[in-house]
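> Build me a model:
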Amino acid sequence: LLAICQSSDMHRATAANILYHIPEHDVTDKQRRDAKYVNFGMLFGLQADSLAKEHLHCPVWEAETLINSWWAGYPKVKKWTNERRLEALTTGEIVMTTGRKRRFRLILGEDSFHELNQAVNCDIQGTLGDYQKASRIELAPELQSLKSFMVVTCHDMIGFQVHKQFLGPATRLIKEIMER
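The predicted model follows:
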């Protein structure tokens, strides 16, 4: 995890340190792309056959090897995702890091695997959304003083209209508030 925090590119760091065990500067674009699919896929319950066929275009055994390396490299993430699934299964809800709750109507059966993965996704995406909303609320009045404002948000991106005269200060303000 330290390697990811120190890297400017978490997918390249995962490829280097977890999946392929090579220096980060030797990671190819394909290895980085593979690591990106594995990083997101493991958090959201992607299985080896789907990962192999739909994303990596490799034999299933190769995807399984990458998955096993990923879980071995991030054992606390595996524990956390299992805890999220168990929480949804036993309580019927997920309490996000910010305290917000989402209820799940879990019916054990064919779709329960996907529903449990949605519980993990809900905590990740919901918490990030809560933090982004709090940052937007804090930013709005500050941007007005710089003749700038938020134009649109989509997923994890925010579009800004910034007055040319205040480009430097607005950029620093946005970066400071969004990185808290």
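
> tally of neighbours for the residue nearest to L146 when sequence neighbours are not counted?
Nearest residue to L146, sequence neighbours excluded (CB to CB, 6 or more residues apart in numbering): F166, at 4.0 Å. In this view, the C-beta of every residue, glycine as well, is placed from N, C-alpha and C. Burial measure for F166: 15 neighbouring residues, criterion other CB atoms under 10 Å.

> do I137 as well
10.

> same thing with P169?
15.

> Please give me every residue in contact with the residue nearest to L146.
Counting by CB atoms under 8 Å, 6 or more residues apart in numbering, F166 touches 146-148.

> Can you list the low-confidence ranges for the protein?
Filtered on pLDDT under 70, the chain yields the residue ranges 1-7, 106-111.

> re the thing from before, looking at neighbours, which among the contacts of F166 is most surrounded?
S148 leads those on contacts (other CB under 10 Å) with 23 neighbours.

> Do me a favour and get the backbone dihedrals for the residue lying closest to that residue once chain neighbours are set aside.
What sits nearest to S148 in space, not counting adjacent residues and going by CB to CB, 6+ apart, is V162, at 4.3 Å. When read as degrees, to the nearest 10, the backbone of V162 gives phi -120, psi 130.
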